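Enquirer: coords please:
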Amino acid sequence: MTFDDTAASAAQAALCITDTANPTSRGSRPIGFMARALVQTTIPHRAQAALHFQRRNGDLTLTMVGHPDHGLPYGKIPRLLLAWIAQRARVTGSRVIALDSAQAVLFRDLGLQMSGGRNGSMASFRDQLLRLMKCTLHIDRKTAQGAAWQPYQFSSGISLWWDHGPRENATFWIELAPDFYDEITARAVPLDFGVLVALRSPLAIDLYAWATDRVFRLHKPVLVAWPALRDQFGAGYSREQDFRRAFAKALGRVYAHWPALRAETQQKGLRLRPCAPHIVPRY
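Expert: You can find the predicted model right below:
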């Protein structure tokens, strides 16, 4: 599948954000996009022993089912991949995401250091990419019209570097599944990709993405209770006090990149107040 390189370059130039904390700045930064369902709920922070993972946010429930040979994706790498893939899909207008023949180019785009060996970043990257592309999602929503269920996978086909011999004249690509492509082109949340790279904690990434989306639509202060926050973000925390401590730490990391965010932890939950969005999308 091909696309017009000139049109793609123009679209890429349009996909930039303005720093609302410094509106006089002339600089712009690349953005990523995240499917709104994956902002309202979240994928695992840590490795999961089971192949089944579930998160809830009000009337929305996300269920992930991992491939038996790979397991569920988790951590920072899948989050960066999802944001980068969605950005490329919106730029090219294609379900087929072309990959450079050199893995190093994608590592650079994702802000990752490249290292080999059993415990190197290349092995971890390969593992997480396969986990992500081969898992299945189920989105359940309760609406005024009744219950709605949407199953989909991220990918309907892949051609990756390790699938081919060094002498083969191969091309490398990820073909997005139609339902996932529709989701990220119609209902995606724009995010500062540099912030995603800088935030080391998956919880901090999830909190930044959620706050970005929530603040953009917020017109009056809201208190989100701790039980609701834990259902949405708190994967792996058996005690609420441990989750609260981790959440407060993640919020501090988000503040470092978004000092104008008006959010504070209180006894009953998180108090979020209207403020300038972190980014202003131009597209």
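Enquirer: any idea how far the helix or strand containing Ala86 is from the chain center?
Expert: Assessed by DSSP states H and E, Ala86 sits inside helix 76-92. Centroid displacement of helix 76-92 relative to its chain, using CA atoms, centre = their mean, to the nearest Å, is 7 Å.
Enquirer: same thing with stretch 44-62?
Expert: On CA atoms, centre = their mean, the centre of stretch 44-62 falls 14 Å from that of its chain.
Enquirer: check contacts around the closest residue to Ala198 other than its chain neighbours.
Expert: In space, and not counting its chain neighbours, Ala198 is closest to His257: 6.4 Å by CB to CB, 6 or more residues apart in numbering. Any C-beta I mention is one placed from the backbone N, CA and C, and that applies to glycine too. Applying CB atoms under 8 Å, 6 or more residues apart in numbering to His257 gives the contacts 192, 195, 198-199, 208, 278.
Enquirer: 10 Å instead, please
Expert: Taking CB atoms under 10 Å, 6 or more residues apart in numbering as the contact definition, His257 lies against 21, 192, 194-196, 198-199, 204, 208, 278.
Enquirer: again, but for Val215
Expert: Contacts for Val215 (CB under 10 Å, 6+ apart) come out as 258, 260-263, 272-278.
Enquirer: now Arg253
Expert: 195, 198-201, 203-205, 207-208.
Enquirer: tell me the least confident of these?
Expert: In terms of pLDDT, the lowest of these is Arg200, showing 88.
Enquirer: measure the closest residue to that residue other than its chain neighbours to Val197 for me?
Expert: Distance criterion CB to CB, 6+ apart; nearest residue to Arg200, sequence neighbours excluded, is Lys76 at 7.0 Å. Separation of Lys76 from Val197 (CB to CB, to the nearest Å) stands at 9 Å.
Enquirer: please enumerate the shared neighbours of the two.
Expert: 110-112, 205.
Enquirer: compare the residues you listed and tell me which is most surrounded.
Expert: Ile205 (27 neighbours; other CB atoms under 10 Å).
Enquirer: and that residue, what helix or strand is that in?
Expert: Using DSSP H and E, Ile205 falls in helix 202-216.
Enquirer: please report phi then psi for the nearest residue to Leu218 once chain neighbours are set aside.
Expert: The shortest distance from Leu218 to any non-neighbouring residue, by CB to CB, 6+ apart, is to Pro274 (5.0 Å). In terms of degrees, to the nearest 10, the main-chain angles of Pro274 are phi -60, psi 140.
Enquirer: between the contacts of His257, which is closest to Gln128?
Expert: When the contacts of His257 are compared for distance to Gln128 (CB to CB), Leu196 wins out at 14.9 Å.
Enquirer: hang on, that closest one packs against Ala86?
Expert: No: Leu196 is beyond contact range of Ala86, at 11.6 Å (criterion: CB atoms under 10 Å).
Enquirer: comparing those two, which residue is more hemmed in?
Expert: A direct count of neighbours by other CB under 10 Å for Leu196 and Ala86 places Ala86 higher, at 27 against 24.
Enquirer: burial count for Leu160?
Expert: Around Leu160 there are 16 residues (other CB under 10 Å).
Enquirer: kindly report the same for Lys134.
Expert: 18.
Enquirer: need the contact list for it.
Expert: 66-71, 73, 153-155, 158.
Enquirer: so which of these is the most crowded?
Expert: That'd be Pro73 among these, by other CB under 10 Å, with 28 neighbours.
Enquirer: that residue and Leu81, how far apart?
Expert: Relative to Leu81, and taking CB to CB, Pro73 is found at 8 Å.
Enquirer: name the residues of the helix holding Ile205 that are buried.
Expert: 202-215 (16 or more other CB atoms under 10 Å).
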